[in-house]
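In: predicted coordinates and the sequence they were generated for:
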Amino acid sequence: MKRIVVYWTGTGNTEEIANKIAGDLGCDALNVNATTPDDVLENDLIIFGCPAMGAEELEDAEFKPFYDEVMASIGDKKVALFGSYGWGDGEWMRNWEAEVASNLVTSGLIVNGGASDIDDGAYQEFIDALN
């Protein structure tokens, strides 16, 4: 199975998590600015990462337009989601999961902070579901 991690980061936390996931899965982690939707769609499993922004929503200037373009052609490809947050209760992830429900492989991984703040059990469950 061909996999890719595609993310947007504001403070670096989501990038840290993306690199950890990609390292454990043996795949690339690319910022949305470093790839194209067509290149992303060459993969069987697309792992999207975006932090909670504003009122618990996806970043709308760079990530959301890229994500929307990929999702318009996603077909039956599998999707996994992750992101970081610093406030709220994870509403952005619940909304995001509902949006991609038919393609979703597992529950989204949310992290309050960076890679060092990941819950080890939740992380292992997430990685196991992607293998």
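Out: Nice, I can see it.
In: and the longest helix along the chain, what's buried?
Out: Longest among the helix segments of the chain by residue count, using DSSP state H, is helix 13-25. The neighbour-count check on helix 13-25 (16 or more other CB atoms under 10 Å) flags 13-18, 20-22, 25 as buried. C-beta coordinates here come from the backbone N, C-alpha and C atoms, glycine included.
In: now stretch 2-14
Out: By neighbour count, with 16+ other CB under 10 Å as the criterion, the buried positions of stretch 2-14 are 3-9, 13-14.
In: quick check: the two most widely separated of these?
Out: The largest distance within the buried residues of stretch 2-14, taken as CB to CB, falls between 3 and 13 and amounts to 21.3 Å.
In: in stretch 87-98, what's buried?
Out: Within stretch 87-98, the residues that qualify as buried by neighbour count (16+ other CB under 10 Å) are 90, 92-93, 96-97.
In: contacts only, for residue 48.
Out: By CB atoms under 8 Å, 6 or more residues apart in numbering, residue 48 lies in contact with 6-7, 67, 79-82.
In: sitting in helices, which of the residues you listed do you find?
Out: Short answer: the contacts of residue 48 in helices (DSSP H) are residue 67.
In: sorry, back to before: ok, residues contacting the helix or strand just after the longest helix of the chain?
Out: Proceeding N to C from helix 13-25, the next assigned helix or strand is strand 28-31, under DSSP states H and E. Contacts of strand 28-31 from elsewhere in the structure, counted by CB under 8 Å, 6+ apart, are 4-9, 15, 18-19, 21-22.
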